[in-house]
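Engineer: Below are the sequence and a predicted model for it; my questions follow.
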Amino acid sequence: MRQTPTKPWLIYACLASVYLIWGSSFAVSKYMVGELPPFLAASVRFIGAGLLLWALASYRGESLPRERREWRHFLIMGVLQVVGSAGVNVFAMQHVASNQSALLNASGALWISLLGTLGARGHRLTPLVSTGVCLGFIGVGFLVWPHDGFSLSHFGWQMVIILACLSWAMGSIYYARAHTRTPMLMFTAVTMLTGGIMLAGLGFSLNELPRWHWHIGSISAVVCLMLGSSCIGYTAFNYLTRYTSPALLSTYAYVNPAIAALVGWLALHEGMSGHQLTGMGIILLGVILVSLGEPSNSRAQETPTEASA
């Protein structure tokens, strides 16, 4: 089916949402895992966000699908993007600094770009896009590389975050190519509920419940992540997954560390050096090259149901 053109301003609005909200979520997540058990906190975040989005989707007249294939999509996406990515990431952030986590999450751009070239529907990377991707990673290195370098004692947890980024990229490509009939909002809601329930199971199995303590700051962090990062951020990202190329989609991994470094500097008193500011400029240049080099026919095709979402 031929692609229905989407509104450019909506693409830019979704990109801005993903950049600003997810970029600032590193500091919020770091604070959250310092006060609450990671898997249970993440489960509350995703179950709450899933219920809110499900209520909104139901208000819009969307209903839960009955096809077994659709529920298989929910399960796979819940495992890859909620448990394998967000859950594992927040668990590892107990042992990794927020700026290091931001740098490691930039590897998601590489995974998305590489996985996006595979298969019959794969996108070829143009020279301009390839240059932008390389510049983006160089800029990220300038931006968030710690002054004293990475510690070998944290190497294992850094690899865990890299694997979580691979899980996120696999879910992104899977959703972009899945032939789902579920409207986007309902799809996101059920995926979050599915993944949130699995995270709750992990939390209870690891005996995290005794570590749960009600505190205004920690609960506020959960609510902030629930409404901003999950409800708005995930919905915007899923829209971009459907209607942009993997190369343009991956630019979030370049910009988010810049936002994370700025928020960490303001909220967590993490210093910003001259090479970090230089990295911001290189990242922006990389994003511009990726945007200019995106093939005009690279957006994923959409079905009428998806267009209505």
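Structural biologist: Arrived safely.

Engineer: For burial, what's the neighbour tally of residue 88?
Structural biologist: Other residues lying near residue 88 total 22 when counted by other C-beta atoms under 10 Å. (Each C-beta comes from the backbone N, C-alpha and C, glycine too.)

Engineer: likewise the one 10 residues further on?
Structural biologist: Other residues near residue 98 come to 23 when the count uses other C-beta under 10 Å.

Engineer: The chain should start at 633 in everything you say after this.
Structural biologist: Happy to do that; since the first residue is 633 now, the last one works out to residue 730.

Engineer: list the contacts for it?
Structural biologist: Residue 730 makes contacts with 658-659, 661-662, 892, 896, 900, 902, as judged by C-beta atoms under 8 Å, 6 or more residues apart in numbering.

Engineer: mind listing the strands for the stretch 733-882 of the chain?
Structural biologist: In the stretch 733-882 of the chain, no segments count as strands under DSSP state E, counting those that start in this stretch.

Engineer: On the three-state scheme, residue 693 is what?
Structural biologist: Secondary structure, DSSP: H, G, I helix; E, B strand; the rest coil: residue 693 is coil.

Engineer: From residue 815, how far off is it?
Structural biologist: Counting by C-beta to C-beta, to the nearest Å, the separation of residue 693 from residue 815 is 9 Å.

Engineer: ok, now residue 708?
Structural biologist: Applying C-beta to C-beta, the value for residue 708 to residue 815 is 18 Å.

Engineer: quick one: which of residue 693 and residue 815 has more around it?
Structural biologist: Taking other C-beta under 10 Å, residue 693 and residue 815 do not tie; residue 815 has more neighbours (21 against 8).

Engineer: Give me the local confidence score for that one.
Structural biologist: Predicted confidence (pLDDT) at residue 815: the value is 87.

Engineer: Was I right to think it contacts residue 689?
Structural biologist: Yes - if you go by C-beta atoms under 8 Å, residue 815 and residue 689 touch, sitting 6.8 Å apart.

Engineer: Please, which helix or strand holds the closest residue to residue 899 other than its chain neighbours?
Structural biologist: In space, and not counting its chain neighbours, residue 899 is closest to residue 659: 5.0 Å by C-beta to C-beta, 6 or more residues apart in numbering. Secondary structure assignment for residue 659, by DSSP states H and E: helix 655-667.

Engineer: Identify the residues contacting that helix?
Structural biologist: So helix 655-667 is contacted by 673, 721-723, 725-726, 729-731, 733-734, 737, 845, 847, 849-850, 853-854, 856-857, 860-861, 865, 887-892, 894-896, 899-900 (C-beta under 8 Å, 6+ apart).

Engineer: Tell me where the stretch 633-782 of the chain has helices.
Structural biologist: Taking DSSP state H, counting those that start in this stretch to define them, one finds helices in the stretch 633-782 of the chain at 640-649, 655-667, 670-691, 700-709, 720-724, 730-737, 739-747, 759-776.

Engineer: nope, the stretch 783-932 of the chain is what I meant
Structural biologist: 787-809, 816-837, 848-856, 867-875, 878-881, 884-899, 906-925.

Engineer: can I get the ones you listed in CSV with distance to residue 647?
Structural biologist: Shown next, in CSV, are these (distance: least, C-beta to C-beta, whole Å):
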stretch, distance to residue 647
helix 787-809, 15
helix 816-837, 16
helix 848-856, 21
helix 867-875, 7
helix 878-881, 8
helix 884-899, 7
helix 906-925, 9
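
Engineer: Report how many residues lie close to residue 704.
Structural biologist: Neighbour count for residue 704, taken as other C-beta under 10 Å: 12.

Engineer: Let me see the contact set for it.
Structural biologist: Contacts here follow C-beta under 8 Å, 6+ apart; on that basis residue 704 touches nothing.

Engineer: ok, the residue of the chain most remote from its centre to residue 920 distance?
Structural biologist: Using C-alpha atoms, centre = their mean, the residue of the chain lying farthest from its centre is residue 842. It sits 29.2 Å away. Distance of residue 842 to residue 920, given as C-beta to C-beta: 50 Å.

Engineer: Cheers, nothing more for now.
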